[in-house]
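> Fold the following, please.
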Amino acid sequence: MTKELAGYLLLVDDLREKNEHQSIMLKLKTEEFERQGKVLADFRRANQDYDRAHKELDSQLAEKSRQIKKLEGRLSQQQGQIEGWQKNSDDFAAEVQKLNNQLEQANAKGEQAKAELKGFQLDAMEKAQNGWPAVEDSKVRDALQGLFAKVRAWSKKYSVSSMTVPLRKFAPNFLSTVADFPEVEALVNLRYPHLILAALVSEHLRLGVFANPFFVLSHIENEKDMPQRGEHLNDVFQKLLKVNEPEAHQFRIQVLRHFFPESQLDQLGQNSSLVKWETPKKLLMDNTMSFFSSFAAFIRIDDDSWQPCYEGLFQIVAAAAAINNHLATQRIWYVLEGPSPLLGHPFAVSSEYVRADRYNKLNDDEDTKCDGKPIRIALSPVLFACGNSDGKDFDKHRVVVKASVWIDDSTVAEEL
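Below you'll find the predicted structure:
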């Protein structure tokens with residue numbers, strides 16, 4: 001019994017040891033499992049963190065890719081701009097070179113002009129020593145009055161018979177420089193429409209020919225060369241007038257006497273050689289056509305007479321150019337002034353500036369029947385002679401040719 005109990009107790013102790021061993025092993029395995037679970041949880045968390053980091057990295061990479069494409073676009077655009085700037089720079093350099101070439105040409109022409117001017121001066125001095133007779137006032141008067149008589153005859157032949165049609169196309173104020181009719185009805189009922197056309201032609205000659213002493217040189221010698229020498233000479237002349245009038249007139253006569261020797265102008269207004277030159281002839285043709293291109297053409301009769309009408313006016317322009325050219329070579333400065341400031345004001349037979357048209361039928365220079373009547377049409381301008389034959393006293397002037405005016409003898413004008 002004792003042995004059995006002892007054996008039993010040994011068995012119990014053995015089982016207890018095994019149990020304790022198993023408990024220890026279980027505890028160790030449990031701890032191991034816990035450690036493994038913790039590692040697994042850490043792994044899962046790490047995996048989740050990796051996924052998040054991977055997604056964030058992908059997003060950053062996508063954003064960087066977009067930025068790179070945007071920068072590539074800007075770079076391409078800037079490259080295009082750089083190429084454009086380079087092209088503009090090349091064009092600018094070519095333009096600068098072109099301007100430099102033109103400047104060199106202009107300088108060369110300036111030197112040539114200086115040489116020509118020096119030649120003009122020497123030539124003029126030589127001719128001055130041989131004498132240059134002044135034109136008498138009577139010859140100037142005959143030439144101008146003869147010219148405007150041709151204008152009147154041409155206008156009478158080719159004018160419309162009534163102002164009704166022209167006034168349908170233009171308002172009466174287009175005539176304000178040559179006529180003054182407060183009532184349109186009076187203009188419509190005008191008995192002499194050709195006087196309006198004559199006044200317009202006279203004003204065209206005054207502004208288009210006589211206003212430029214170098215008119216006959218105002219043609220293009222070479223389209224690639226400096227154009228319109230006469231316009232440039234007149235520009236120099238006008239500028240000189242403002243600072244030194246005697247020197248300006250000396251310049252005028254020296255240049256023109258060089259181009260047109262006195263022997264070519266024996267008869268005032270009859271310089272046929274002037275019309276025969278090809279370039280002035282084209283200039284005269286252009287000047288004639290410019291009149292027909294204006295509103296004045298509507299006062300011309302519209303029929304089959306175009307060719308003789310044109311040729312007639314061409315001859316008048318040519319005669320005006322010859323007279324202007326001859327007068328411009330004189331030491332006296334002849335100036336045509338339009339009488340438009342007198343339009344609408346009362347006429348006086350004693351006036352030193354105007355004379356009545358023959359349609360007003362004054363008996364003589366003392367007939368006062370039109371005095372006080374309004375001046376309605378300025379048929380031709382007044383010619384002033386400034387200075388003297390010695391090329392001095394340009395501040396003094398006298399009337400050589402009075403303006404021709406038509407007076408409305410049916411009404412009385414207001415006093416000035």
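
> what pLDDT, on average, does stretch 186-193 get?
Stretch 186-193 carries an average pLDDT of 85.

> before we move on, what about stretch 36-44?
In this model, stretch 36-44 has a mean pLDDT of 69.

> do the same with stretch 62-78
Averaged across stretch 62-78, the pLDDT comes to 80.

> list the contacts for F260?
Residues in contact with F260 (Cβ atoms under 8 Å, 6 or more residues apart in numbering) are 325, 329. In this view, the C-beta of every residue, glycine as well, is placed from N, C-alpha and C.

> residue boundaries of the helices in this protein?
Applying DSSP state H to the chain gives helices spanning 2-130, 137-158, 164-169, 184-188, 193-205, 229-243, 245-259, 272-276, 278-292, 306-328.

> Let me know which of these is tucked in deepest.
Mean neighbour counts were compared across the helices of the chain using mean count of other Cβ atoms under 10 Å; the top stretch is helix 193-205, at a mean of 25.

> Confirm for me that V317 is in contact with M289.
No. V317 is beyond contact range of M289, at 10.0 Å (criterion: Cβ atoms under 8 Å).

> how does this protein divide into domains?
1-131, 132-407 (automatic domain parsing).

> Comparing those domains by mean pLDDT, which bottoms out?
Of all the domains of the chain, mean pLDDT reaches its minimum on domain 1-131 (a mean of 73).

> Tell me, how many residues neighbour L175?
When counting by other Cβ atoms under 10 Å, one arrives at 24 neighbours for L175.

> Okay, the residue lying closest to it once chain neighbours are set aside and L190: tell me how far apart.
The shortest distance from L175 to any non-neighbouring residue, by Cβ to Cβ, 6 or more residues apart in numbering, is to I196 (6.5 Å). I196 is 7 Å from L190, where distance means Cβ to Cβ, to the nearest Å.

> swap in V400?
With Cβ to Cβ as the criterion, V400 and L190 are 30 Å apart.

> what does L75 give?
Separation of L75 from L190 (Cβ to Cβ) stands at 79 Å.

> And for A322?
32 Å.

> Likewise for E95?
Computed with Cβ to Cβ, the distance linking E95 and L190 is 58 Å.

> Report the contact partners of L313.
Contacts of L313 by Cβ under 8 Å, 6+ apart are 154, 201, 288, 291-292.

> redo that, cut-off 10 Å
L313 is in contact with 150-151, 154-155, 158, 201, 204-205, 284, 287-289, 291-292, 300, counting by Cβ atoms under 10 Å, 6 or more residues apart in numbering.

> what do you get for K392?
K392 is in contact with 246, 249, 331, counting by Cβ under 10 Å, 6+ apart.

> which of those lies closest to P346?
H249 (35.9 Å; Cβ to Cβ).

> so how far is P182 from the closest one?
Distance from H249 to P182, by Cβ to Cβ: 41 Å.

> Quick check, Q330 in contact with V135.
Yes. Judged on Cβ atoms under 10 Å, Q330 makes contact with V135 at a distance of 5.9 Å.

> higher neighbour count, the two?
The neighbour comparison of Q330 against V135 (other Cβ under 10 Å) goes to Q330, with 22 against 18.

> now that one: how far from F259?
Separation of Q330 from F259 (Cβ to Cβ): 15 Å.

> What of W333?
Distance, W333 to F259, using Cβ to Cβ: 18 Å.

> again with K361
45 Å.

> re the thing from before, can I get the contacts of K392 in CSV including distance to R376?
As requested, the contacts of K392 are exported to CSV (distance: Cβ to Cβ, whole Å):
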residue, distance to R376
P246, 40
H249, 36
R331, 37
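
> Could you single out the nearest of those residues to I68?
The nearest member of these to I68, counting by Cβ to Cβ, is H249 at 79.3 Å.

> which residues does that closest one contact?
For H249, the contacting residues are 213, 237, 240-241, 328, 330-333, 386-387, 391-392, 394, by Cβ under 10 Å, 6+ apart.

> cutoff 6 Å now
Residues in contact with H249 (Cβ atoms under 6 Å, 6 or more residues apart in numbering) are W333.

> Okay, it and P381: tell me how far apart.
To P381, H249 is 21 Å away according to Cβ to Cβ.

> G80 too?
Distance from G80 to P381, by Cβ to Cβ: 64 Å.

> Tell me the spacing between S294 and I24.
Using Cβ to Cβ, S294 is found at 131 Å from I24.

> go on, K369?
Distance of K369 to I24, computed by Cβ to Cβ: 160 Å.

> Check P182 too.
On the measure of Cβ to Cβ, P182 and I24 end up 140 Å apart.

> what does T177 give?
With Cβ to Cβ as the criterion, T177 and I24 are 135 Å apart.

> That's all I had, so thanks and see you.
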